[in-house]
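K.L.:
fold the stuff below for me.
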Amino acid sequence: MIIYEATKAGFIDDVVNEKIVDRLYEVYQNKIGKTSRSEIRSWDSSLQRMANVMQDREIPKDSKVAIEFKIPNTGKRVDFIVAGNDGRHDHAVIIELKQWEAVKKIETMDAVVVETALGGGLRQTTHPSYQAWSYAALIEDFNEDVRTVPIHLKPCAYLHNYLLQENDPLTDRHYQEHLEKAPVFTKGQLTKLREFIKTYIKYGDTNDIILRIDQGKIKPSKSLQDALSNMLAGNEEFVMIDDQKVVFEQALTFAKNCIQQNEKGTFIIQGGPGTGKSVLAINLLVKYIEEDYLAMYVTKNSAPREVYAAKLKKSMKKTAIDNLFKGSGSFHAAEENEFDILIVDEAHRLNEKSGLFSNLGENQVKELMHSAKFSIFFIDEAQRVTLKDIGSVELIKKYAEQLGVNVFEGELASQFRCAGSDGYIAWLDDVLGIRETANTNDLGMDYDFQVFDDPNVLLKKIEGKNRVNNKSRIMAGYCWNWPKEGRSNRDFYDIEIPEHNFGISWNLDNSIWAIGENSIREAGCIHTTQGLEFEYAGVIIGDDLQYREGQVITDYTKRAKTDQSLKGIKTLAKENPEKAQKVADEIIRNTYRTLMTRGQKGCYVYCTDPALNEYFKSRIDKTYEHKEQVKEFLLVDKKESYDE
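P.N.:
This next block holds a predicted model:
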């Protein structure tokens, strides 16, 4: 979708005669929806500068200009495109426009992120060269017309307010890889930008270049298909076994049949912690892309998306693969059946509304189903951990009936985490007071569960496990604030337990915590761990979970102010205190159940409430005593049999 298209001459005329804002506003209202003239005027300065750039006699009058091109099936927008021909090939110059005046280099990250003034404060964002190049890569990977005509895309960035200094961080060698793919032009370099454009645009757009970019057939490229297949091959983390393979084949068959018969379908797959929901989701994504379907992996939380994208790439560098991973709030403006298949992981975490202020769209479950010919929802209702989590099997079925969507159901029952034992999860549910089970004194198989009196010892144990393969992490309940001033500083201790002289930072906001090489001395929370797994999980349980008078109880007032999980609970408590207590209690217990089932081989625990610590120990002691009694009984029974 393009907000504005004109010849070079028409664009310059609209800018000179001050018509550009009105034209953009009118089209934006018709195509996108409500916006303000002030928002459109914010583009005016950049468009004035681009009009100056385009006023070069050697740039042909009939070259085409496009403004605000929405890349199909994404929320990404290309600021400015100039299209034409160099005498041999069709070209489109993609220009990312920025009004920045300064940037700060961030050396700790993958040559992508810079820090600059955005939205009234300093924020980390992608380097403009990377941004321009990634948009070009995205178009090439999914637009078949661009690949086959072909149309050669040439990305660059123009920071017209940025005065380049000697040894400037914007052009630092740290960003060299991206600068080579998409050069950056700054204040005073108008002539250089003109020369860049004129290298590729010597003649006008006579082959409908802009139209082909805008309306080309959406189909994943062969190179993207091959890259995904090669990355999955031999990667043991994504090998499917048992019922994963059965459900995988079912998902392929259901999707293929529905799409061939021009019928909408949805597949609800239920599974508890460690049953391989995410492994199956990634395998399905790769397989669907291989078979030419336009498929996307969707989660509400960014952490699983970033981690699985990085694992597929076997590095932490960004590529076009990132564009296959989307947030659940990206579909409120999508057209019906815009996608072939949407794979929704952690569907229990879906929200009703989208957007920063929860004011966009109607319902994420409905929007996801509306946007795809076939949708897959992986769900575990016992992992809903915030007031906003609305994903449920009942709700999915409700919207399926409303939209005329065929419903298929499947289940993942086999346990691949927690030493492969359902017994540990049953024991944990009983211990946390979630449900009574027969596993009151039995963890199941040889799952390494330990309770520590000192968080320092807990941290040392997890550090030792992590040295083996970087697959162990510390995590904590959200009972400590996450202040803005320390979010990029590992030495700033957000979590402090003074009686043990213990301190640790929450996970930094500039790294992929779950697989980062230096993340062991950072604590993850529910939002950065849900949907992921580790070999050993070290869990610090805060004061929101306590043991009083023989019962495990919860106290939502002990949650940190920066935690959004229980946002609105105070208002609910005034209106309906009984309901508020019940909802908060469920969320807190589910949160710790989720954290304490992240470990494949073991879970180590420290509780800030001494009584709760002792309670956990007592449950372990009983398990030990029970096993010793069984062992003694078997020995006696064996001896008596021998005597007989």
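K.L.:
tell me which stretches of the stretch 401-550 of the chain form helices.
P.N.:
Along the stretch 401-550 of the chain, counting by DSSP state H, counting those that start in this stretch, helices occupy 422-432, 455-469, 526-529.
K.L.:
reformat those helices into JSON lines and put mean neighbour count next to each item.
P.N.:
C-beta here means a position set from N, CA and C on the backbone, and glycine is covered the same way. Putting the helices of the stretch 401-550 of the chain into JSON lines (neighbours: other Cβ atoms under 10 Å) gives the following:
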{"stretch": "helix 422-432", "mean neighbour count": "21"}
{"stretch": "helix 455-469", "mean neighbour count": "16"}
{"stretch": "helix 526-529", "mean neighbour count": "23"}
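K.L.:
any idea which of those helices gets closest to residue 282?
P.N.:
Evaluated over the helices of the stretch 401-550 of the chain, closeness to residue 282 peaks at helix 526-529, with 17.5 Å, by Cβ to Cβ.
K.L.:
show me what counts as buried in stretch 396-408.
P.N.:
For stretch 396-408, burial by neighbour count (16 or more other Cβ atoms under 10 Å) applies to 396, 397, 399, 400, 405, 408.
K.L.:
repeat that for stretch 330-340.
P.N.:
330, 331, 332, 334, 338, 339, 340.
K.L.:
now the element after the strand or helix carrying residue 95, going C-ward?
P.N.:
Residue 95 is part of strand 90-98 when elements are defined by DSSP states H and E. Scanning forward in sequence from strand 90-98 by DSSP H and E, the next helix or strand is strand 104-105.
K.L.:
and the next element down the chain from that next one?
P.N.:
Next element after strand 104-105 (DSSP H and E): strand 113-118.
K.L.:
just to revisit the earlier point, adding distance to residue 228 and mean pLDDT, write the helices of the stretch 401-550 of the chain out as a markdown table.
P.N.:
Compiled in a markdown table, the helices of the stretch 401-550 of the chain are given as follows (distance: least, Cβ to Cβ, whole Å; pLDDT from 0 to 100):
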| stretch | distance to residue 228 | mean pLDDT |
| --- | --- | --- |
| helix 422-432 | 32 | 89 |
| helix 455-469 | 24 | 96 |
| helix 526-529 | 25 | 92 |
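K.L.:
need those helices in TSV with distance to residue 284, can you?
P.N.:
Below are the helices of the stretch 401-550 of the chain laid out as TSV (distance: least, Cβ to Cβ, whole Å):
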stretch	distance to residue 284
helix 422-432	24
helix 455-469	26
helix 526-529	23
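K.L.:
out of the ones you listed, which gets nearest to residue 345?
P.N.:
helix 526-529 (14.0 Å).
K.L.:
can I get that closest one in CSV, CA atoms only?
P.N.:
Output in CSV follows, covering the C-alpha atoms of helix 526-529 (Å, rounded to 0.1, in the frame of the first residue of the first chain):
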residue,chain,number,x,y,z
ILE,A,526,8.2,-14.0,33.5
HIS,A,527,8.1,-11.8,30.4
THR,A,528,11.6,-12.8,29.3
THR,A,529,11.4,-16.5,30.1
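K.L.:
what sits up against that helix?
P.N.:
301, 303, 385, 473, 475, 477-478, 507, 513-514, 565, 591, 594-595, 598 (Cβ atoms under 8 Å, 6 or more residues apart in numbering).
K.L.:
of those residues - the most surrounded one?
P.N.:
residue 473 (29 neighbours; other Cβ atoms under 10 Å).
K.L.:
quick one, what contacts the nearest residue to that residue once chain neighbours are set aside?
P.N.:
Distances taken as Cβ to Cβ, 6 or more residues apart in numbering put residue 534 closest to residue 473, at 5.1 Å, once the chain neighbours are dropped. Residue 534 is in contact with 471, 472, 473, 514, 598, 599, 600, counting by Cβ under 8 Å, 6+ apart.
K.L.:
which stretches of the stretch 201-350 of the chain form strands?
P.N.:
265-271, 295-299, 325-327, 339-344 (DSSP state E, counting those that start in this stretch).
K.L.:
rank the ones you listed by pLDDT, which is bottom?
P.N.:
Per-stretch mean pLDDT for the strands of the stretch 201-350 of the chain is lowest at strand 325-327 (a mean of 90).
K.L.:
list the pairing partners of that one within its sheet, with orientation.
P.N.:
strand 295-299 (parallel) (DSSP bridges).
K.L.:
hang on, residue 342 packs against residue 367?
P.N.:
No - Residue 342 lies out of contact with residue 367 (Cβ atoms under 8 Å); the separation is 9.9 Å.
K.L.:
which neighbours do these two have in common?
P.N.:
residue 331.
K.L.:
shaky segments in the stretch 451-600 of the chain?
P.N.:
Within the stretch 451-600 of the chain, the segments meeting pLDDT under 70 span 510.
K.L.:
what of the chain?
P.N.:
Along the chain, segments meeting pLDDT under 70 span 31-40, 75, 108-113, 119-120, 314-320, 415-417, 419-421, 438-445, 510, 621-644.
K.L.:
hang on, the earlier thing: gap between the residue nearest to residue 473 and residue 451?
P.N.:
Distance, residue 534 to residue 451, by Cβ to Cβ, to the nearest Å: 18 Å.
K.L.:
now do residue 582
P.N.:
Residue 582 is 28 Å from residue 451, by Cβ to Cβ.
K.L.:
so between the two, which is more surrounded?
P.N.:
residue 451 (21 against 11).
K.L.:
pretty sure the more buried one contacts residue 616?
P.N.:
Yes - counting by Cβ under 8 Å, residue 451 does reach residue 616; the two are 4.6 Å apart.
K.L.:
kindly export stretch 500-508 (C-alpha atoms) in PDB.
P.N.:
Extracted in PDB, the C-alpha atoms of stretch 500-508 (Å, rounded to 0.1, in the frame of the first residue of the first chain):
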ATOM      1  CA  HIS A 500      22.400 -11.900  52.400                       C
ATOM      2  CA  ASN A 501      24.400  -9.000  50.900                       C
ATOM      3  CA  PHE A 502      23.000 -10.100  47.600                       C
ATOM      4  CA  GLY A 503      22.400  -8.100  44.500                       C
ATOM      5  CA  ILE A 504      21.700  -8.800  40.800                       C
ATOM      6  CA  SER A 505      20.400  -6.800  37.800                       C
ATOM      7  CA  TRP A 506      17.200  -7.500  35.900                       C
ATOM      8  CA  ASN A 507      17.900  -8.600  32.400                       C
ATOM      9  CA  LEU A 508      19.400  -5.800  30.300                       C
END
